[in-house]
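Q: need the 3D shape of this:
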Amino acid sequence: MPQLVDPHDVILAGENSFLRLSRDRGKSESERSSHWRVLWSPAGAGHVLFLQGALTDGEARVYADNMGLARWLQETIEVHLHAPFADARLAVRDAAFDRTGSAQSTVVERVVSSEDEVVMAWWDFLAPFVLTEPPGYGGRPLGVYTTFFPARGAQLTLNGDPADGGLWFPERHGRQASSACLAWCETWVRPQG
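A: Model prediction:
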């Protein structure tokens, strides 16, 4: 009989959509964003955006409406995803978060702080698929299960300035993906204990 309940401890439920751009078809990234909408975690619920690239002159930035959640994400998950985002010396900029649209058309995430407005948009989606990477996969101690909606089109702006670079379209475990995906229904787990 198949195992119907995952044996691991849940540490986060929510979303982690991303938008990455490149000027050389994915050999390097000109922009990288990691947008979290957390419904449940030990640090509470809330939103966090990690941003780095040419628009920020290479500086990694953190925007959040829950500073404790931002720090928890840095030390627990981002440390395994992108080291510059895990730097606890980064200031956390207080921000408001808003989403409009749907995965049937266009999704826009708007992040507004006292100094900046970041707008990310995804559209023209490929077929969604469920990504399943249990703890230990790829040498990472945490596991993640999520539904990817890969976008064929995306845009990132900071204070009205559009990011330079384009998307690329890698495969993920045999499925067509994109460097810009909505990652919804996301659950992060760790081994019990």
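Q: make it CA atoms for all contacts and neighbour counts henceforth
A: Noted.
Q: looking at the protein, which helix or strand does the model trust least?
A: strand 171-172 (a mean of 94; mean pLDDT, DSSP states H and E).
Q: how far off centre is it?
A: Taking Cα atoms, centre = their mean, to the nearest Å, one finds the center of strand 171-172 at 17 Å from the center of the full chain.
Q: strands paired with the lengthiest strand in the chain, and their directions?
A: For the chain, the strand with the greatest residue count under DSSP state E is strand 143-158. With DSSP bridges as the test, strand 143-158 is paired with strand 117-125 (antiparallel), strand 129-133 (antiparallel), strand 161-162 (antiparallel), strand 180-190 (antiparallel).
Q: which outside residues touch the last one?
A: Defining contact as Cα atoms under 8 Å, 6 or more residues apart in numbering, one finds that strand 180-190 is touched by 8-21, 122, 134-135, 141-154, 167.
Q: buried members of those residues into ChimeraX, please.
A: Buried residues within those, by 16 or more other Cα atoms under 10 Å, are selected in ChimeraX with:
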select :8,10,11,12,13,14,15,16,17,18,19,20,21,122,134,135,142,143,144,145,146,147,148,149,150,151,152,153,154,167
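Q: can you name the element that comes right after the longest helix seen in the chain?
A: The residue-count maximum for a helix in the chain (DSSP state H) belongs to helix 67-73. Sequence-wise, the next helix or strand downstream of helix 67-73 (DSSP states H and E) is helix 79-81.
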